[in-house]
Structures are given as structure tokens and as C-alpha cells.
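Chemist: Let me see the structure of the following:
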Amino acid sequence: MAKPIQAKIGRFIKNLREAKGLTQKEFAERLGTTQSGVARMENGTQNFTTETLEKVSAVLNKKVIELAGMGMDLRIEGGHQLTGKIETNGSKNGIMGLIPAALLNESTTTFHNVPRVEEVNRMIEGLEGLGVGTKWVGNHSLQITPPKKIDLESFKKTNVGKTRSVIMFVGSLAHMVKELSLPHAEGCKLGKRTILGHSLGMEKMGLEWKVTATTYEIRSDNLHPADIVMYESGDTATENLLMLAAKIPGETTIRMASANYQIECLCHFLKKCGVDIEGIGTTTLIVHGVKTIDKKVEYHNIEDPIDSMMWITAAIMTKSNITVSRCPIDYLRLELYKLETMGQRFNVSKPYKAGNKKTDLVDIEIFPSELTAPDMKIYARPYPGLNIDNLPFFVPIATQAKGQTLIHDWVYENRAIYYMDLVELGADMVLADPHRVIITGPTELKGAQIVTPPALRPAMIVFLAMLGAKGTSVLRNVYSIARGYEDITKKMNEMGAHIEVMQ
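Modeler: Numbers count the residues shown, from 1 in each chain. This next block holds a predicted model:
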């Protein structure tokens, strides 16, 4: 569904295009995108980045940003308590693995519980660039039908490279073409991200992998089963290896694999496609590959533990009593235990099954609590450790805990630096080094104007801190948040927040 601001910008772009006498196809070629991408712009179903609007302005010779207004800034009046019950969204990271995996299936795949977020839009644009048929058959249900022949040239013109998940097309596309060129992944600006977890494992299965200044060049004419030790237990790397192994007949063993929630999600989908996988939930996966997958499949994407944790944090920052439903408890137990040791009070319901019939879900009721800083540092590690994407939420939480908290974000070179934006809101924080921050609390946060960090989780913690801050804050250019959170402003306001989209 189009949002009012996006619809306004879309109509404005359409009028300017038609005034210049350009067809959608001609306009798409000048923008370096696809005709379907232009159609989404004009019907208001695509979020707009500054970069995109600058390109549109250049092609149309009009200042679209100034005349239409981006609608990408938020005015947040903090200090309002939230009330009610909110449902956990479908997992962004889960669907990022499922979408490229659908290309393994020569028949139609339908995914349910798909979040309508910007990163999904970019992946769909990539599919359409390949000539893949995509169709929303429900508000959160996406149907994918691969073509007989893919269109790599059109694919290169899409914006799929804006998401780091572009690299996850390798495992499935390698079964469709013998030579493949993909743009380097972008996404969150979190420092250097190695691809060795992907490339070294895939090379063991016969994939030839070359990295140029701007692309990944791949050949796949000699694929075979293998016994692989992963260079690092990365989530996306494990998914990529699973997709490649799925259609290599024989037995492939992946050791030191990630056992995280999106891996569980992808494994159960592949099993539904007819690929037998042993060891799901462990760090050793044995894949019994098949030559062909050709069956209509429906599958429910897993619920997002990161979304659950975001709502839990929102409740803590606003001192609210809310219930977060459909939480995948096995991927939140340690986060909840850490909070419990800090004095946070909550109730957890009896578990029930998710739509995929595999994942245990619970409802978690959060109560206003007095928090104390933990005795030990808080850090993340691969599952079953505290989730790497949930670690940032402990930063704003620590500002409300009595004492001193050390947050150690060892995974990324730059992410801890972005945490320091909370100082603008009055947080008492010290950056010990690029990986560690020391937070002293409790602190009464106060409104401020901040430009959104160019990374999803740091952007969200600024947003959450503003909800709990006294006074009014302005959060500029919130595209980073739109990448991973669906209708967040609308949902927060329905729960009692006071957030206004600035025009």
C-alpha cells in the first residue's frame, strides 16, 4: 500500500516524466533501473533515498527533493508511554535468504509472513531484473516464479546492489548460469565485510570465484559435493553454501556453520522442497543435494527476534507496560536473561507453534522496572550467544540502568562509533575504542536533532532513545530504518507514541 508522502512524490515524478515526453521504459534506462522500478516509484510503493531523488532530479532537470519534499524526517515528542499489544514482524533476515532460494525451484514458490520493508523491495527488484515473476498475493504473501532463462544484463541495472544480500544470489544463480557477474554489496556502513566465508566454502564445491574492483565474477561449470569447514560462521555465508549444495547431487557437509534463526528458516524451506538436511540447529549440516526441484511450495517465513527485541527496548525506554506477541523464544532467551539480571520484569507465555510448524513462539509482557548495570560486559557472538543484531539495543537500555555498563561490539569496525550519537540526547557515554563503549546511568535523555546513522540497528537505537527522551527530537533521513522496519511510525503511534512525518 502506498504511503501518503511516497504517493505524493510518485505522482510528482510521473507528471514531470510525462511532461518531458518520456515513456517509463525510456525513463528507466536513463535512471539505470528497470521499468518495474519506475512503476513502483510512480505508484508510491517505493521508499525514496536522497541518492535516488538526486538521480531523478538530474534526468528530469527539476529539483524533485525541494519541490516534492522527501518525507524522510521524523519529529518525535518523547516521554509518552506505550500501551497495548504488538505482533512481531516476519524476519527481514529470514526472507533475505528465502527469496534467492526460491530460484532453486523451477515451479512457483509462495512465501507468507513477508515483511514489507525496503530491503525486500530491493531484492524483488533484483528478481524482476532477472526476469523472475513476482506477485503480492496477500498483504504479506509473496509469489515467485522463475523464468526459463534469466536476464543478467537487466539485473545489473537494478538497485539490488544497495543491499548486502545481493551476494546471496550466488548460491542459486550458479545453478542457472555457468558465468555470473554481481555488483559488490552495499547495505549498512559497518566497516569491511569479508566474503571469504562465502567464496572459500563455495570453491570447495567447485565454484570459481574472482573479485574485481566492482564485481564478483563467478564460474560454476564444475560443481561437486564437498566436506567444508567454514572460514567463519557467518549467517549469509552459511545460507549461500546451503543453496549451492542443495542442487549438487550427493552429500555435502558444512562444518562450523551458523545455527542462527535464518539458517533454521532456510533449512526447513529446503527440506520442504525435497532437499534432506541433517543437523538443523547445530553447527554441522549435512546436505543431501538433488538434481532438480520442481514443485509448488508454500512456506511461512520465521518471526523476527530482532523485531521482538526492538519492541521490548521501546517498552523499556518509555517505561511502558506492553505485550509483544509471536516472539521466537529460542532466539531471545539469553537477551531476556541478561535483562532479568539487570532487574527487568516480564512475563513469558506458554509456547505455541509458528506458521512454519517448527519455531516455538511466545508472548512477552514487559513491565516498567528499575534497572541496574550488569556486573559483566555485554557482548554478542554467533548463536547460541546474544544475537549480534540485538546487541545495539542494550546501549539505550544501559543509559537507564544504575551504574556503568561496558558494551563490546567486536564484530564490526565502525558500529560502536555510531552508538555515540546518543550523547547528543544527553547519554553519559565514553568511546573506549572503535569496538567498545562505556555507559553510565541512569540518565534523563533530552530531545535533540540527529541525522540517522547509515546502518540499520544504530539508526533504530537513536529512534528508540528519542521515544524515551524528554522534549522533542528530530531524526533526519530515516531511510536506514525503512530498510528493516515496516510502518514503524504508524505502529508506534498506534501504541501511544507521538511521531510526526515532516514534509
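Chemist: What's the local residue count around Leu391?
Modeler: Leu391 has 26 neighbouring residues, counting by other Cβ atoms under 10 Å. Every residue, glycine included, has its C-beta placed from N, CA and C.
Chemist: Local confidence estimate at it?
Modeler: Leu391 carries a pLDDT value of 97.
Chemist: mind giving me the domain ranges of the chain?
Modeler: Using automatic domain parsing, the domain ranges for the chain come out as 4-69, 74-89+303-502, 92-300.
Chemist: How far does the first one sit from its chain's centre?
Modeler: If you compare the mean C-alpha spot of domain 4-69 with that of the full chain, they lie 25 Å apart, counting by Cα atoms, centre = their mean, to the nearest Å.
Chemist: Residue ranges in this structure under the pLDDT threshold?
Modeler: Counting by pLDDT under 70, the ranges of the chain that qualify are 1-6, 8, 19, 47-51, 54, 62-71, 156-165, 185-194, 503.
Chemist: For Asn93, identify the helix or strand it belongs to.
Modeler: helix 92-101 (DSSP states H and E).
Chemist: With just CA atoms, put that helix into CSV.
Modeler: Taking Å, rounded to 0.1, in the frame of the first residue of the first chain, the C-alpha atoms of helix 92-101 are listed here in CSV:
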residue,chain,number,x,y,z
LYS,A,92,13.9,-9.4,7.4
ASN,A,93,17.0,-11.6,7.6
GLY,A,94,14.9,-14.7,7.2
ILE,A,95,13.3,-13.6,3.9
MET,A,96,16.6,-12.3,2.6
GLY,A,97,17.7,-16.0,2.4
LEU,A,98,14.4,-17.4,1.2
ILE,A,99,14.0,-15.0,-1.8
PRO,A,100,17.1,-16.1,-3.6
ALA,A,101,16.5,-19.7,-2.5
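Chemist: Direction included, what does whichever helix or strand comes after it pair against?
Modeler: Going down the chain from helix 92-101, the next helix or strand is strand 109-112, by DSSP H and E. Sheet pairing for strand 109-112, assigned by DSSP bridges, gives strand 141-145 (antiparallel), strand 297-300 (parallel).
Chemist: what comes up buried for strand 109-112?
Modeler: Across strand 109-112, burial judged by 16 or more other Cβ atoms under 10 Å covers Thr109, Thr110, Phe111, His112.
Chemist: which of the residues you listed lies closest to Trp209?
Modeler: Thr109 (26.6 Å; Cβ to Cβ).
Chemist: So what sits opposite the closest one in the bridge?
Modeler: Ile144, Val297.
Chemist: isn't Leu82 right next to Met495, touching?
Modeler: Yes. Leu82 is within contact range of Met495, at 4.2 Å (criterion: Cβ atoms under 8 Å).
Chemist: overlap in contacts of those two?
Modeler: Residues touching both Leu82 and Met495 (Cβ atoms under 8 Å, 6 or more residues apart in numbering) are Ala314, Ile322.
Chemist: how many other residues sit next to Thr23?
Modeler: Residues near Thr23, counting by other Cβ under 10 Å, number 12.
Chemist: what helices or strands is the helix holding Asn93 leaning on?
Modeler: Packed against helix 92-101 by the contact rule (3 or more Cβ pairs under 8 Å, 6 or more residues apart in numbering; DSSP states H and E) you find strand 109-112, helix 118-129, helix 170-173, helix 235-246, helix 261-272, helix 305-317.
Chemist: Buried residues in the fourth one, which are they?
Modeler: Within helix 235-246, the residues that qualify as buried by neighbour count (16+ other Cβ under 10 Å) are Asp235, Thr236, Ala237, Thr238, Glu239, Asn240, Leu241, Leu242, Met243, Leu244, Ala245, Ala246.
Chemist: what sits against the residue lying closest to the second one once chain neighbours are set aside?
Modeler: Once its chain neighbours are removed from consideration, Thr236 has its nearest residue in Met168; the separation is 5.6 Å (Cβ to Cβ, 6 or more residues apart in numbering). Under the criterion of Cβ under 8 Å, 6+ apart, the neighbours of Met168 are Met96, Gly97, Pro100, Thr236, Glu239, Asn240, Met243.
Chemist: mind running it again at 7 Å?
Modeler: The contact partners of Met168, by Cβ atoms under 7 Å, 6 or more residues apart in numbering, come to Met96, Gly97, Pro100, Thr236, Glu239, Asn240.
Chemist: Now do the strands in the stretch 301-450 of the chain.
Modeler: 321-328, 345-348, 352-353, 360-367, 371-372, 378-379, 401-408, 428-433, 436-441, 449-451 (DSSP state E, counting those that start in this stretch).
Chemist: in its sheet, what does the second one sit against?
Modeler: Here strand 345-348 is paired, per DSSP bridges, with strand 360-367 (antiparallel).
Chemist: Report the inter-axis angle for the strand it pairs with versus helix 305-317.
Modeler: 10 degrees (axes from the mean of the first three to the mean of the last three Cα atoms, to 10 degrees).
Chemist: quick one, phi psi at Thr283?
Modeler: phi -90, psi 10 (degrees, to the nearest 10).
Chemist: on that earlier part again, wait, which of the strands paired with strand 109-112 is closest to Ala455?
Modeler: Closest to Ala455 of these is strand 141-145 (Cβ to Cβ; 25.7 Å).
Chemist: And the contacts of the closest one?
Modeler: The contact list for strand 141-145 (Cβ under 7 Å, 6+ apart) reads 102, 108-112, 114, 127, 132-137.
Chemist: And the residues you listed, which of them are buried?
Modeler: Ala102, Thr108, Thr109, Thr110, Phe111, His112, Val114, Leu127, Val132, Thr134.
Chemist: need the contact list for Phe85.
Modeler: Heads up, residue 85 is Lys, not Phe. By Cβ under 7 Å, 6+ apart, the contact list for Lys85 reads Ile322, Thr323, Ser325.
Chemist: In the sheet, which strands lie alongside the helix or strand hosting it, parallel or antiparallel?
Modeler: Take DSSP H and E as the rule and Lys85 turns out to sit in strand 83-87. Note on strand 83-87: by DSSP bridges, its sheet partners are strand 321-328 (parallel).
Chemist: Go through the partner strand and flag the buried ones.
Modeler: By neighbour count with 16+ other Cβ under 10 Å, strand 321-328 contains the buried residues Ile322, Thr323, Val324, Ser325, Arg326, Cys327, Pro328.
Chemist: hmm, back to that, columns distance to Met342 and mean neighbour count on top of the strands paired with strand 109-112, output as JSON lines?
Modeler: Listed next are those as JSON lines, based on distance: least, Cβ to Cβ, whole Å; neighbours: other Cβ atoms under 10 Å:
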{"stretch": "strand 141-145", "distance to Met342": "39", "mean neighbour count": "19"}
{"stretch": "strand 297-300", "distance to Met342": "33", "mean neighbour count": "19"}
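Chemist: can I get those in TSV with distance to Arg345?
Modeler: Listed next are the strands paired with strand 109-112 as TSV, based on distance: least, Cβ to Cβ, whole Å:
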stretch	distance to Arg345
strand 141-145	37
strand 297-300	32
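Chemist: Ok, which of those comes nearest Asn347?
Modeler: Minimum separation from Asn347 across these (Cβ to Cβ) falls at strand 297-300, 25.9 Å.
Chemist: is it true that Val362 touches Ala354?
Modeler: No. The criterion here is Cβ atoms under 7 Å, and Val362 misses it with Ala354 at 10.7 Å.
Chemist: what touches both of the two?
Modeler: Common neighbours of Val362 and Ala354 (Cβ under 7 Å, 6+ apart) do not exist.
Chemist: so Thr372 touches Ala398, yeah?
Modeler: No. Assessed by Cβ under 7 Å, Thr372 is found out of contact with Ala398, at 10.6 Å.
Chemist: Please identify which of the two sits among more neighbours.
Modeler: The neighbour comparison of Thr372 against Ala398 (other Cβ under 10 Å) goes to Ala398, with 30 against 16.
Chemist: Tell me how far the more buried one lies from Pro392.
Modeler: 11 Å (Cβ to Cβ, to the nearest Å).
Chemist: and the contacts of Met168 as CSV, adding distance to Asp487?
Modeler: Converted to CSV, the contacts of Met168 look like this (distance: Cβ to Cβ, whole Å):
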residue, distance to Asp487
Met96, 19
Gly97, 23
Pro100, 25
Thr236, 26
Glu239, 27
Asn240, 30
